[in-house]
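Peer 1: what follows is a protein structure lacking sequence information:
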């Protein structure tokens, strides 16, 4: 499981948190966070979570885009830069994608269709074909799915994006 959260709390306090069960991704997040903000984060091992309280960092992050399951979007700085878009896709897929070993495909589910359309556009810029399916209904939620399938597209994904997540990368290598 994984997630990232940014929230402005009462009394001019902001909580930035990242959680993931994969320690390699936790360490990468902490290193990258320090590289950008020169602030050491605290890792709570029992909860697989990194937390920091900083209004300044929160204000910086929300300058780029909205967060939340329904509202996220890819910042324009990323859409217009191939290097940034590859890195964004890698980080996003590390957290949100899963590899369907049986059907030999990468799948990303989201309630945010506009966000998936942007991902499809970024993948297309890398000549990786993908398809959006849905809506799917579950309880009160409407969700969508983007899939990357076909050996050529998976090879291009592996060459151009890959995963930082070691277990996902291993599964991808196995199906190739």
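Peer 2: Received, thanks. Keep in mind it's a predicted model, so treat the numbers as computed, not measured.

Peer 1: for residue 56, what is the enclosing helix or strand?
Peer 2: Taking DSSP states H and E as the criterion, residue 56 maps to helix 55-62.

Peer 1: in that helix, which residues are buried?
Peer 2: Buried positions in helix 55-62, judged by neighbour count with 16 or more other Cβ atoms under 10 Å: 57-58, 61. From N, CA and C alone the C-beta is placed, and that goes for glycine too.

Peer 1: so how far is that helix from its chain's centroid?
Peer 2: Centroid separation between helix 55-62 and its chain, computed with Cα atoms, centre = their mean, to the nearest Å, is 19 Å.

Peer 1: before we move on, what about stretch 37-56?
Peer 2: Once both centres are worked out by Cα atoms, centre = their mean, stretch 37-56 turns out to sit 18 Å from its chain's centre.

Peer 1: which positions within it qualify as buried?
Peer 2: Buried-residue list, stretch 37-56, by 16+ other Cβ under 10 Å: 37, 41, 43, 48-50, 52, 54.

Peer 1: now do the helix or strand hosting residue 124: everything it contacts.
Peer 2: Element membership of residue 124, judged by DSSP H and E, is helix 113-125. Under the contact criterion Cβ atoms under 8 Å, 6 or more residues apart in numbering, helix 113-125 has outside partners 72-74, 79, 82, 85, 88-89, 92, 108, 110, 129-132, 134-135, 144-146, 148, 157.

Peer 1: now intersect these with the helices, please.
Peer 2: The helices, defined by DSSP state H, take in 79, 82, 85, 88-89, 92, 157 from the contacts of helix 113-125.

Peer 1: now for those residues, which pair is the farthest apart?
Peer 2: Within those, 79 and 157 form the most distant pair, 18.4 Å apart (Cβ to Cβ).

Peer 1: all strands for the chain, in order.
Peer 2: Taking DSSP state E as the criterion, the chain carries its strands at 2-9, 13-20, 42-44, 49-53, 97-100, 105-110, 131-138, 141-149.

Peer 1: all set, thanks.
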